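S.K.: model the structure of this input:
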Amino acid sequence: MMKNNCPLNYTMSLIGTKWKPLVLFHLLEGALRSGVLQKKVPEISNKMFTQTVRELEKDGLISRKVYAVVPPKVEYNLTTRGKSLEGILRSLDKWGLEDCKH
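M.R.: Numbers count the residues shown, from 1 in each chain. Below you'll find the model as predicted:
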């Protein structure tokens, strides 16, 4: 739960990196295969993508499903906790869309 007295600090500890909000935002539309999700964030390196999804999974914001096929198929999806961030993520997207017009 909250590790300090500031709710914003707590929230930022969960989603406040460069990549986490982007990964979460792209999963709002539904489950995505690992490669597809990574392509939606083209600037992210393989190492950073792996680190980011592992942290999001550890924090209970996304789930990872591995299919027993060759080649391996991995799919990511938002958990209920992750879906609860939709309003925040969509607000950030809307703000960015409006602000970049100036």
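
S.K.: which residues does residue 74 bridge with?
M.R.: Per DSSP bridges, the residues bridged to residue 74 are residue 66.

S.K.: surely residue 89 touches residue 21?
M.R.: Yes. The pair residue 89 / residue 21 is scored as a contact, 6.1 Å apart, by CB atoms under 8 Å. (Each C-beta comes from the backbone N, C-alpha and C, glycine too.)

S.K.: which one's more surrounded, the two?
M.R.: Between residue 89 and residue 21, counted using other CB atoms under 10 Å, residue 89 has the larger neighbour count: 19 against 16.

S.K.: residue contacts, the closest residue to that one other than its chain neighbours?
M.R.: Leaving aside its chain neighbours, residue 89 sits nearest to residue 25 (4.7 Å; criterion: CB to CB, 6 or more residues apart in numbering). When contacts are counted by CB atoms under 8 Å, 6 or more residues apart in numbering, residue 25 touches 89, 92, 93.

S.K.: output these as CSV; include the columns secondary structure.
M.R.: Conversion of the contacts of residue 25 to CSV gives the following (DSSP: H, G, I helix; E, B strand; the rest coil):
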residue, secondary structure
89, helix
92, helix
93, helix
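
S.K.: which one of the residues you listed is nearest to residue 9?
M.R.: residue 92 (17.4 Å; CB to CB).

S.K.: for this protein, where's the lowest mean pLDDT among helices and strands?
M.R.: helix 7-15 (a mean of 90; mean pLDDT, DSSP states H and E).

S.K.: buried residues, that helix. List them.
M.R.: The neighbour-count check on helix 7-15 (16 or more other CB atoms under 10 Å) flags 14, 15 as buried.

S.K.: circling back to that earlier point, CSV for the contacts of residue 25, including distance to residue 71?
M.R.: Output for the contacts of residue 25, formatted as CSV (distance: CB to CB, whole Å):
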residue, distance to residue 71
89, 31
92, 34
93, 33
